[in-house]
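Participant: Okay, sequence plus prediction incoming.
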Amino acid sequence: QVQPVESGGGLVQAGDSLTLSCAASGRTLVDLSVGWFRQRPGEERLFVAFISPSGSWTSYADSLKGRFTISGDNAKRTVNLQMNNLQPEDTAVYYCAAATIMSTENVQKGSGYDYWGQGTRVTVSS
């Protein structure tokens, strides 16, 4: 059993950077397929970024490419999401999800993941 746990959320100002981390009990996340999703107020949960086991492949939502970076930290056994130049529209609850087996077509689909964290809230003020 894998239980992802997110951390690093908070209140920041527009233009700031923030790094979210995801750790998991039971298994090291860097050996799994891991995705980040976010849910803005009143909206559905949407894909943000993905990293394959051992970090050999990453994928991003088109609108976030260049500002967000997903990476694995082998020493800390975490998967991190670096977010730069944050804007008020990035305000959301950010979720970490993991899968033991992932197909390419399911990377951006929530249904492709087996394990979900409780989320960490990011608020960006203007």
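Facilitator: Received, thanks. Residues are numbered from 1 along each chain as shown.

Participant: got the contact list for the residue most central in space within the chain?
Facilitator: What sits nearest the mean C-alpha location of the chain, by Cα atoms, centre = their mean, is Trp36, with 2.3 Å. Neighbouring residues of Trp36 by Cβ atoms under 8 Å, 6 or more residues apart in numbering: 20, 22, 48-50, 70, 81, 94-97. Where C-beta positions appear, they are placed from N, C-alpha and C, glycine not excepted.

Participant: Who wins on neighbours among these?
Facilitator: Cys96 (30 neighbours; other Cβ atoms under 10 Å).

Participant: Phi, psi for it please.
Facilitator: phi -100, psi 140 (degrees, to the nearest 10).

Participant: Provide a list of residues in contact with it.
Facilitator: Residues near Cys96 by Cβ under 8 Å, 6+ apart: 4-6, 20, 22, 34-36, 79, 116-117.

Participant: That one bridge partners, please.
Facilitator: Trp36 (DSSP bridges).

Participant: before we move on, what about Thr69?
Facilitator: Going by DSSP bridges, Thr69 forms beta bridges with Gln82.

Participant: what's the distance between Arg67 and Ala92?
Facilitator: The span separating Arg67 from Ala92 equals 14 Å under the rule Cβ to Cβ, to the nearest Å.

Participant: Please say which of these two ends up with more neighbours.
Facilitator: Ala92 (22 against 15).
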